[in-house]
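[1] predicted model, plus sequence, below.
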Amino acid sequence: MTAVWLFVVAGIVLAMVVVGGATRLTGSGLSITQWKPITGVLPPLSYRAWLHAYALYQATAQYRLVNNDMSLSGFQFIFWWEWAHRLLGRLLGATFLLPFAILVATRRLPRRLVWRCAVLFALGALQGAVGWWMVKSGLEDRVSVAPERLAAHLGLALALFVALVWTGLDAWGGEYAAQRIRRRDGWTLAGTIFVAAAYVQCLLGALVAGNRAGLVDNDWPLMGGRLVPVDYWQDGFWRTIAHGLSAVQFNHRMFAYGLLILGVGMAVAGLRSPRTPAGVTVLALALAVILVFQVGLGVLTLILGVPIWLALAHQANAVLLLAAATTMAWRVRRA
């Protein structure tokens with residue numbers, strides 16, 4: 001029961017990432033200019049309330065510089081995307097906190113998982129605060145949120161997702177699985193490196209998304225006809241790695257190639273080595289298939305000019321890849 005609950009919560013985090021991606025792609029993230037964790041659950045319920053919310057949005061730089069011809073109905077469209085994203089966040093909190101309280105009160109939550117679940121709840125609460133910190137960056141002097149804050153927001157969400165999946169697997173395996181820890185070997189190291197690399201690749205993807213860098217250099221495998229884009233270096237290191245359009249896309253591409261080599265290499269090793277732990281070969285093959293599919297989605301998203309449906313599929317599959325990588329990293333540590 002505990003494992004099912006944690007996996008359901010992880011599924012809501014996945015939904016939040018996808019809806020958050022749609023919110024970004026539709027330019028909806030700055031439509032709600034206030035953070036009201038409790039009363040904000042209710043959307044505007046009257047024409048006057050809608051006009052008030054619209055007036056608040058009209059005071060933003062995004063409206064003045066980008067959307068100054070937007071009608072009230074256009075504002076309502078972007079409002080509902082952001083509202084749905086925040087509503088999912090509130091649903092996530094309730095779905096975690098209420099069962100957690102019941103399981104602790106009835107002593108049905110294993111003692112070894114109580115402190116971990118408390119940390120998971122704290123991470124979820126922190127995610128809400130980081131989300132508002134991200135939105136504030138776009139309400140000051142920008143027409144969109146700061147890419148590095150978007151990466152921090154997504155990174156914390158994915159850290160929470162990985163922790164939920166790992167803890168859910170621990171709950172599913174029970175006390176016996178928790179005690180059967182393998183000694184460190186090549187598979188343990190490879191699984192750990194892959195999950196860390198997949199996580200970093202997601203952060204690099206967030207920088208691409210935050211800078212809208214998928215809209216430049218849409219040829220492949222070259223970039224603007226070159227292996228390394230001519231405008232890679234910008235004015236300073238931070239400006240290059242966090243805000244350079246060609247640079248963040250190039251970094252995302254190169255890291256993807258490295259991840260692909262590692263993932264396929266693990267699958268080949270699983271097939272060829274007689275010492276591969278039981279069940280790991282199947283996981284390695286599944287991971288390689290998801291990874292190849294993810295790379296294909298990324299290339300198509302780029303060369304087709306980032307259509308929303310394809311960009312969302314790429315983002316959702318990235319989270320599934322992270323789930324598969326987490327499962328494998330967990331499995332290779334168990335005898």
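    Thanks, I have it. Numbering: from 1, shown residues only.
[2] so who does the residue nearest to Q249 when sequence neighbours are not counted touch?
    Closest residue to Q249 apart from its sequence neighbours, by CB to CB, 6 or more residues apart in numbering: A213 at 4.5 Å. (Glycine included, C-beta is placed from N, CA and C.) Under the criterion of CB atoms under 8 Å, 6 or more residues apart in numbering, the neighbours of A213 are L207, L245, S246, V248, Q249.
[3] ok, now with 7 Å
    Counting by CB atoms under 7 Å, 6 or more residues apart in numbering, A213 touches L245, V248, Q249.
[4] same check on Y63?
    Shown in contact with Y63 (CB under 7 Å, 6+ apart): Y57, M70.
[5] show the average pLDDT along the host helix or strand of it.
    Under the criterion DSSP states H and E, the helix or strand holding Y63 is helix 61-65. Mean per-residue pLDDT for helix 61-65: 92.
[6] can you mark which positions in that helix are buried?
    Of the residues in helix 61-65, those buried by neighbour count under the rule 16 or more other CB atoms under 10 Å are Q62, Y63.
[7] over to stretch 31-42?
    Residues of stretch 31-42 classed as buried: S31, I32, T33 (neighbour count, 16+ other CB under 10 Å).
[8] alpha carbons of the helix holding Y63, as PDB, please.
    The C-alpha atoms that make up helix 61-65 are tabulated as PDB, following Å, rounded to 0.1, in the frame of the first residue of the first chain:
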ATOM      1  CA  ALA A  61       6.500  43.600 -19.000                       C
ATOM      2  CA  GLN A  62       5.400  40.500 -20.900                       C
ATOM      3  CA  TYR A  63       2.000  42.100 -21.600                       C
ATOM      4  CA  ARG A  64       3.400  45.500 -22.500                       C
ATOM      5  CA  LEU A  65       6.200  44.200 -24.800                       C
END
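[9] quick one: list the elements packing against the helix or strand of the chain with the lowest mean pLDDT.
    Ranked by mean pLDDT, DSSP states H and E, the weakest helix or strand in the chain is helix 147-179, scoring a mean of 88. The helices and strands touching helix 147-179, judged by 3 or more CB pairs under 7 Å, 6 or more residues apart in numbering; DSSP states H and E, are helix 2-25, helix 111-139, helix 186-210, helix 308-331.
[10] distance of G138 from M70?
    Using CB to CB, to the nearest Å, we find G138 at a distance of 16 Å from M70.
[11] which residues touch stretch 276-295?
    For stretch 276-295, the surrounding residues in contact (CB under 7 Å, 6+ apart) are 187, 256, 259-260, 263-264, 266-267, 270-271, 317-318, 320-321, 324-325, 327-328, 331-332.
[12] buried subset of the residues you listed as a ChimeraX selection?
    Once 16+ other CB under 10 Å is used to decide burial, the buried members of the contacts of stretch 276-295 can be selected in ChimeraX as follows:
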select :187,256,259,263,264,266,267,270,317,318,321,324,325,327,328,331,332
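[13] for the closest residue to A59 other than its chain neighbours, grab phi and psi.
    Of all residues beyond its chain neighbours, the one nearest A59 is T33 (7.4 Å), with distances taken as CB to CB, 6+ apart. When quoted as degrees, to the nearest 10, the phi and psi of T33 stand at phi -100, psi 0.
[14] repeat that for the one 5 residues further on.
    Backbone torsions for I38, taken as degrees, to the nearest 10, come to phi -100, psi -60.
[15] any idea how far it lies from A49?
    For I38, the distance to A49 equals 17 Å [CB to CB].
[16] again, but for D185
    Separation of D185 from A49 (CB to CB) stands at 61 Å.
[17] ok, L215 next?
    L215 is 35 Å from A49, where distance means CB to CB.
[18] contacting residues for L215?
    If a contact means CB under 7 Å, 6+ apart, then L215 has G305, V306 as its contacts.
[19] next: the one 10 residues further on.
    For G225, the set of contacting residues under the criterion of CB under 7 Å, 6+ apart consists of D219.
[20] 10 Å instead?
    G225 makes contacts with D217, D219, as judged by CB atoms under 10 Å, 6 or more residues apart in numbering.
[21] so the residue nearest to A59 touches F75, yeah?
    No. The pair T33 and F75 fails to qualify as a contact (CB atoms under 10 Å) at a distance of 11.5 Å.
[22] what is in contact with the two at once?
    A53, A55, Y57, Q58, Y63.
[23] how close does the second one get to D185?
    Taking CB to CB as the criterion, A55 is separated from D185 by 62 Å.
[24] kindly report the same for the last one.
    Distance, Y63 to D185, by CB to CB: 57 Å.
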